[in-house]
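Asks: I'd like to go over a predicted model; first the sequence, then the structure.
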Amino acid sequence: MLSQIVSALGVVVAAVIACSAYFYFSNKILDLALPVKDGDIRAASRNLNRRALIRPWLFIGPALFLLIVYLVYPVVATFILSFYDRAGLQFVGLANYKWALGDREFRQSIFNNILWLAVVPAACTFFGLVIAVMTDRIWWGNIAKSIVFMPMAISFVGASVIWKFIYEYRGGNDVQIGLLNAIVQTFGGTPEVWISIPFWNNFFLMIILIWIQTGFAMVILSAALRGIPEETIEAAVIDGANGWQIFWRIMVPQVWGSIAVVWTTITILVLKVFDIVLTMTNGQWQTMVLANLMFDWMFRGGGDSGRSAVIAIIIMLAVTPIMVWNVRRANRELKGH
Amino acid sequence: MKKSFLMGVAVAALFAGAASAAELKFAPGQDAKFNWKSYDEFKAAHADLKGQPLTIFGPWRGEDEAFFMSVLAYFTEATGIDAKYSSSENYEQQIVIDTQAGSPPNIAVLPQPGLLADLASKGFLTPLGDDNSKWIKDNYGAGDSWVGYGTYKGKDGKEAFYAFPYKADVKSLVWYVPENFEEAGYKIPTTMEELHALTDQIVKDGGVPWCIGLGSGGATGWPATDWVEDIMLRMQPPEAYDKWTTNELKFTDPAVVAAIDEFGKFAKNAKYVDGGVAAVASTDFRDSPKGLFAVPPKCYMHHQASFIPSFFPEGTKLGQDADFFYMPTFASHPELGKPVLGAGTLVSIAKDSKAARAFIDFLKTPIAHEVWMAQSSFLTPYKGVSTEAYANPQMKKEGDILTSATTFRFDGSDLMPGKIGAGAFWTGMVDFVGGKSAEEAAGEIQSAWDGIK
């Protein structure tokens, strides 16, 4: 343990020194290569211009390099791998894609992912917005907000473990220790093994993510609501609008941009959902989602890099349009201001 | 200030390193039940490897890791090799990552022949040589079976011996509490027919015969595969079992479906299982044997491998508070003899070196087995060990089952491709217990198998 701390400290120090050295010396070299001497004014100004052109690249160079090595290269490699066999040695053309289309588990994962996409972003945004509006009016609003926000601090695996206990089932006449079953029993119902009921168990898993992410939606939307000019609401009140009308006709249209941000952010998160399913069911009882299926094909029983690459590409294709739209919108907003 | 702090850290790090070198559990040469001669001979033969590095990656964690470290201490003491053991919660995934990334450990220990065969076919393992396979054949109970489980096709398509079996489990066991059996006047069944009769008798007497738990986190379902495999060996000849594990005999074959249905007779009858059928899939396998020890007992029998006493309530004395009997065979199939289902870990070389070879040689010494045997949770089919070293009479009984086995068959799900044996088969069993018919469940497993061909 101690030796790890020592080496970690060493790495941090060395990295900081190396970075500073890189910027210092690369700038020095640039200055030497393109000298600005008093003698030749034209050459000096030309060199000065060139320096200004090159210097930004020196600064973003390392970041660009890392981006290519860790992001662009893997995407390209994955794409190429998706046309090769399980060991990545033999070219098999579109066979892996063909397999995916015909595979029962793959189709089920797509179906489950769509289910997640339909429910989770909508639910998070809706609850986030409602809580943001309601907590604005009450004196203990900030306390309530903190409580709603708290699950954000818990890791997905940690949250899953907590919810596993909520859904826990004990057989026969044993005392139910799971919260949900205890409640059901109190009201005279029969306890169920919640996470093994096909189709509905998907929703029990989604609740976990909603529980975690509602806090995020609430914080963003709460800030947006603060930005609504008081006058518009006052005017609406004077015109005789009721609370419902104020919410839907005045508030929601004004925070529409923020709602879109929250929605898309959670959508991307949902497409990557992995930890919750792994911890709760590992895809059993028909809860498989794409990310888990990819992991499964890559690493279980020796792995099949071709098929897992296909699934990775499909996840990427699903995420890309949302990312592009998000970036474009952000750019537009930046230009607008 | 800063300097002295760093010095302190460095000194502490030094001590931490020194403290991790374990001491020998049993002083060499003292206890006569150990085969110290083999240790001395090994020491004399491998004195020239001092200071060489050796990395070992294996599935043993927690208690088992401590046991293995105590064995490894003898190896490092004898050779001076700088051996380091590591493990991972997801060791199956980790070894795939490590080998593909080109940084494999010297020694890879895995409990799955299917996975090892896969690694061998990609050229990640080094053949151990014919002398080692011959040694296993001559010295292990049912040696031919064991050699078979370590022999795979390499990248060149040629078969070779890649994995050395070390540490085994016996799976064909039914655990019970002798006191409960005595009180109720039940006798140990010697045939499957008697086992069925006993099951019915217990229900008639107002009890619950079985505790079955398939829960195991992401691996939920595997205990059911053990049931089905055990039953397969009792309804079909071993050749059919072998064909089943390679899918020459399809999952949808009536023979396999019948075995699944036979398991269903126990697991899918609400009167037979503690907590009802719904509890079977959701109860954790580690929790399920606890019903045996409840007062009054929640169940009378529990089918599980030899490792399960680790999960018995603390202080349980084997042989007294809990015992086992051999999962009986059908009187209607006398030709099948007494087959034993088991499992084990297999040691292979992923990065060849002299030190790695020395480690394989070390596993051939009785002392490498006896040190662990004496501390529990270790069985071996090696006939050359002194069985006096076993920690208790129950383990000796289990060890005898292994060394005297004529038909030994490895856990079928570990022989199947990982996607089936550690995936579709589990899911299929979970679905089967959840309400699907044996035909439906088998059909889905088969279609998954068709999908990976």
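Replies: Looks like it arrived, so ask away. Numbering: from 1, shown residues only, chains lettered A, B, ... in the order given.
Asks: isn't A:Ala159 right up against A:Gln213?
Replies: No. Contact criterion CB atoms under 8 Å: A:Ala159 and A:Gln213 do not qualify, at 10.3 Å. All C-beta spots, glycine's among them, are computed from the backbone N, C-alpha and C.
Asks: okay, the two: which has more neighbours?
Replies: A:Gln213 (24 against 20; other CB atoms under 10 Å in any protein chain shown).
Asks: Does that one belong to a helix, a strand or coil?
Replies: helix (DSSP: H, G, I helix; E, B strand; the rest coil).
Asks: distance of the nearest residue to it once chain neighbours are set aside from chain B?
Replies: In space, and not counting its chain neighbours, A:Gln213 is closest to A:Cys124: 4.5 Å by CB to CB, 6 or more residues apart in numbering or on different chains. To chain B, A:Cys124 is 26 Å away according to CB to the nearest CB, to the nearest Å.
Asks: List the contacts of A:Cys124.
Replies: A:Leu209, A:Ile210, A:Gln213, A:Thr214, A:Phe216, A:Ala217, A:Val262, A:Ile266 (CB atoms under 8 Å, 6 or more residues apart in numbering or on different chains).
Asks: Now B:Ala368. Nearest residue, chain neighbours left out?
Replies: B:Phe362 is the one closest to B:Ala368 (CB to CB, 6+ apart), at 5.4 Å.
Asks: residue contacts, that neighbour?
Replies: B:Phe42, B:His46, B:Tyr74, B:Phe75, B:Ala78, B:Thr79, B:Ala368 are the contacts of B:Phe362 under CB under 8 Å, 6+ apart.
Asks: Export those as CSV, with columns for secondary structure.
Replies: Converted to CSV, the contacts of B:Phe362 look like this (three-state DSSP):
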residue, secondary structure
B:Phe42, helix
B:His46, coil
B:Tyr74, helix
B:Phe75, helix
B:Ala78, helix
B:Thr79, helix
B:Ala368, helix
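Asks: Among these, which one sits closest to chain A?
Replies: B:Phe75 (23.3 Å; CB to the nearest CB).
Asks: For the contacts of A:Cys124, work out which two are farthest apart.
Replies: A:Leu209 and A:Val262 (13.8 Å; CB to CB).
Asks: Point out the residues in the stretch 51-200 of chain A that sit beside chain B.
Replies: Counting by CB under 8 Å from any CB of the partner chain, the stretch 51-200 of chain A comes close to chain B at A:87, A:99, A:102-105, A:169-172, A:174, A:192-193, A:195-196, A:198.
Asks: repeat that with 6 Å
Replies: Contact residues (CB under 6 Å from any CB of the partner chain) of the stretch 51-200 of chain A with chain B: A:Ala87, A:Asp103, A:Tyr169, A:Gly171, A:Gly172, A:Val193, A:Ser196.
Asks: can you list the residues of the stretch 101-250 of chain B near chain A?
Replies: B:Leu115, B:Asp118, B:Lys122, B:Gly218, B:Thr220.
Asks: Would you mind writing the ChimeraX command to select the buried ones in those residues?
Replies: Per 16 or more other CB atoms under 10 Å in any protein chain shown, the buried members of those correspond to this ChimeraX selection:
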select /B:115,118,122,218,220
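Asks: Widest-spaced pair of the residues of the stretch 101-250 of chain B next to chain A?
Replies: B:Lys122 and B:Thr220 (28.7 Å).
Asks: Now do the strands in chain A.
Replies: For chain A, applying DSSP state E gives no strands.
Asks: Domain ranges for it, per the record?
Replies: For chain A, the TED database gives the domain ranges A:1-82, A:98-335.
Asks: Nearest residue to the residue in the stretch 151-300 of chain B that chain A sits nearest to in space, ignoring adjacent ones along the chain?
Replies: Across the stretch 151-300 of chain B, no residue is closer to chain A than B:Gly275, which sits at 1.7 Å (CB to the nearest CB). Spatial nearest neighbour of B:Gly275, chain neighbours left out: A:Gly171 (1.7 Å); criterion: CB to CB, 6+ apart.
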